Structures are given as C-alpha cells and as structure tokens.
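1. Could you look at this predicted model? Sequence included:
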Amino acid sequence: MDCERFREQMLDALQGTASAELGEHGRACGACAQELEKLQKTSALLDQWPAPEVSPYFDSRLRARLREQAAVPAGWWQWLRKPALAAAFVVLVALGVGLLDLGTPRTVELQGPVAVRPQPGTAVADLQTLDQNQDLYAEFDLLDEIPEEQENP
C-alpha cells in the first residue's frame, strides 16, 4: 500500500474499521504513523470540546426568515437556477439559432461541370447564344454594312 492511499483511508484506521493491509502500512511507515497520531489527537480534542447550545428560538426565527425569503419576488433570472427550466431555455436558444441559420443562403461546391440554363432574353443567354453560333455570325456581312451613327455637336 502506498502513503496516498493510506491518507485517503485514514479515517477508517481512526475508527478501527481499517483493513489489515492499512494497519500494517500504518505501523511500517513512520510518516503515516505520525499523521494518524496527529489525527487521533485532534479527534480526542474535538470529543472534549463542548458543543454550543442552540438558542430556544432558533427554529422559529429560521422559519420566519424562510417565509420572508419566499415572499420576496425573484428576478427574471432566478428561474434559470432550476435545472429543468435552464435546460429548456438552452434548447430554445439552440433551436432559434438553428432556425436562423437555416435562413442564410449556403454555397454548394459541385463536382465536375454543371450545365446552367439561363432565362431566355437575358444578357447571359444572349452571350451564350452568340458563343454557340459564332461561326454563323462571323460570316454575316450585313453587320458590316450598317452605317455608324454620327456624333451630334
């Protein structure tokens, strides 16, 4: 047995309910024997000390004080001291944060190429149409014949 375990079980040795191993360590180890002797002296002194008498009106004053405290309205945060209400509060806050988080848009990373079909008549759709039909429009000579507008002075 080691000294730390003996110190943990020293009260058992003081009361005489210790195991044989505990008693052997107490006799073999001088430091632990001194600690046990100090504890025995302290216990003997406490046994001799007279306990103070309780006031005859202690119970009635205590009950009156408890009634006064119960009558005082508690603040709004006092209900958080109750574990069930505090847990419910935490769940509600977490649920609110979760719902708030659901309302924010998320970015999604996609694997591989994605075909996006823009709305017809938008600038993106027109640019994609021009890009797909580039050969057709490159040969279109009518665009070259359109006169440029003159600037007005």
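-> Okay, I see it.

2. ok, which stretches of this structure are strands?
-> With strands called from DSSP state E, the chain shows none.

3. Let's check: the centremost residue of it is which one?
-> Against the mean C-alpha coordinate of the chain, by C-alpha atoms, centre = their mean, the closest residue is Val90 at 9.7 Å.

4. Excluding sequence neighbours, find me the nearest residue to Leu11.
-> Among residues not flanking Leu11 along the chain, Leu39 sits closest, at 7.9 Å (C-beta to C-beta, 6 or more residues apart in numbering). In short, each C-beta sits where N, CA and C put it, glycine included.

5. Could I get the contacting residues of the one you found?
-> By C-beta atoms under 8 Å, 6 or more residues apart in numbering, the residues touching Leu39 are 10-11, 14.

6. Quick check: of these, which lies closest to Ala31?
-> Met10 (12.0 Å; C-beta to C-beta).

7. Distance of that closest one relative to Ala28?
-> Using C-beta to C-beta, to the nearest Å, Met10 is found at 15 Å from Ala28.

8. neighbour count winner among those two?
-> Neighbour comparison, Met10 and Ala28: the larger count goes to Met10, with 19 against 10 (by other C-beta atoms under 10 Å).

9. Now do the more buried one against Ala84, distance only.
-> Applying C-beta to C-beta, the value for Met10 to Ala84 is 40 Å.

10. same deal with Arg65?
-> Plainly put, Arg65 is 27 Å away from Ala84 if you go by C-beta to C-beta.

11. Between these two, which has more neighbouring residues?
-> Arg65 (10 against 7).

12. before we move on, the earlier item: give me the distance between the residue nearest to Leu11 and Leu45.
-> 11 Å.

13. One more: Gln134?
-> Gln134 sits 105 Å away from Leu45, going by C-beta to C-beta.

14. Likewise for Val93?
-> Computed as C-beta to C-beta, the Val93 to Leu45 distance reads 54 Å.

15. again with Leu102
-> Distance of Leu102 to Leu45, given as C-beta to C-beta: 67 Å.

16. and what of Ala71?
-> Remark: distance between Ala71 and Leu45 (C-beta to C-beta) = 44 Å.

17. now Ala84
-> Distance, Ala84 to Leu45, by C-beta to C-beta: 46 Å.

18. which intervals of the protein have sub-threshold pLDDT?
-> Residue ranges of the chain with pLDDT under 70: 1, 18, 74-81, 101, 103-104, 106, 110, 114-116, 135-153.
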